[in-house]
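Engineer: Sharing a sequence plus its predicted fold:
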Amino acid sequence: MINWQGSYCGPAPISAELWARWNFDPWALTVLVGLAICAGRTRPGAAAVIVLAFAFLSPLCALSSALFSARVVHHVLLVAIAAPLLALSRPARAATAVALPFMFATIALWLWHLPRAYDAALGHMAIYWVMQATLFGSAYLFWRAVFSQRCGSGVGWVFLGYLAMGMLGAILTLAPSAVYATHAMAPMLWGLSPLADQQLGGLVMWMPAGLPFAVWAAMLARRAWRATEEQP
C-alpha cells in the first residue's frame, strides 16, 4: 500500500546536502518522458519539458520543502514559464474566450496559497499532486486562450494574470506574521526567519515573477504589430 503521508520532495535539507537531493521518482520521470514525446517535437514544447524537469527533479524540489521562497520559484516556473511554453507548442486552432480560464487559474493560485490548503498539500503527496495539476492545468488553459487572441488583445489578459499573482505576493510580503506551519522551522536552517522567508517569497511573486509575464506580453504585442504591417 502506498504511503501518501509526508512531503513529495522529502524532508527539508540543510545546505551541505542540497546538491545530493536530486529526485528520480519513476512516476515523475514517466510523466516527463510522456510529455516530451507528445510536445517535445517543437522548441517551446521541449523547453517546457526542461523547465518542468528542473522544477520536479532538481534540488529545487527538496529546497522547496524548507523554504517558502523556493516553493514560490517552483510555482512561478510552472504557471508563468512551463505552462505558456506548452501552450505555444499546442496552440488553439481558433480564438478562445479567456475569462473563464483566467478565473480558474486565479482561483487555483490563490486557493493553494491559503495556509490550510498549502500546508495540507505539502504534508500529503496526493494533495500535493492535486495542487500541481490544478496550478499547471489551469495556467496552461489560460495561456492557450491568451495566445489565441487576435490583434494584441491578449496583452491585457497577460497584465491581469500578473496582477493576480502580484497582489497575492504583496499580501504575503506585507503580512505581519508568518502564516505557513510547513515553514515554521526549516527556514532557520538556511539563516532566515519564517517571516523573512515568506516576505522573500512574496517579493518573488510581486516583482521578479513579472519578468516572464512581460516577455509574453511583448511577444503578443510584436505579433499584433506584424499582423498590422502585413495588412494591405
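Structural biologist: Looks like it arrived, so ask away. Numbers count the residues shown, from 1 in each chain.

Engineer: contacts, neighbours, all on C-alpha from now
Structural biologist: Will do.

Engineer: right, and His183 touches Ser193 too?
Structural biologist: No - applying CA atoms under 8 Å as the test, His183 and Ser193 come out as separate, 9.3 Å apart.

Engineer: mind listing the helices for this protein?
Structural biologist: Counting by DSSP state H, the chain has helices at residues 26-39, 43-57, 60-66, 68-76, 83-89, 99-111, 115-123, 125-147, 154-174, 194-206, 210-230.

Engineer: got CSV for those helices, with mean neighbour count too?
Structural biologist: Below are those laid out as CSV (neighbours: other CA atoms under 10 Å):
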stretch, mean neighbour count
helix 26-39, 14
helix 43-57, 20
helix 60-66, 25
helix 68-76, 21
helix 83-89, 24
helix 99-111, 18
helix 115-123, 19
helix 125-147, 22
helix 154-174, 19
helix 194-206, 23
helix 210-230, 15
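
Engineer: rewinding a little: more crowded one of His183 and Ser193?
Structural biologist: His183 (24 against 17; other CA atoms under 10 Å).

Engineer: residues contacting the more buried one?
Structural biologist: Applying CA atoms under 8 Å, 6 or more residues apart in numbering to His183 gives the contacts 65-68, 194.

Engineer: What's the per-residue pLDDT of Ala218 here?
Structural biologist: Note on Ala218: pLDDT of 94.

Engineer: what's the closest of the helices of the chain to Ala20?
Structural biologist: With CA to CA, the closest approach to Ala20 among the helices of the chain belongs to helix 60-66: 9.8 Å.

Engineer: distance of Ile107 from Met165?
Structural biologist: Look at Ile107 and Met165: by CA to CA, to the nearest Å, they are 11 Å apart.

Engineer: typo on my end, it should be Ala82
Structural biologist: Ala82 is 16 Å from Met165, by CA to CA.

Engineer: same deal with Trp19?
Structural biologist: Applying CA to CA to Trp19 and Met165 gives a distance of 30 Å.

Engineer: Touching, Met167 and Trp206? I think so.
Structural biologist: Yes - with contact defined as CA under 8 Å, Met167 and Trp206 form a contacting pair (6.9 Å).

Engineer: Need the residues that contact stretch 149-157.
Structural biologist: 95-96, 98, 102, 146-148, 217-218, 220-221, 223-224, 227-228.

Engineer: Among these, which one sits closest to Ala12?
Structural biologist: Phe102 (33.2 Å).
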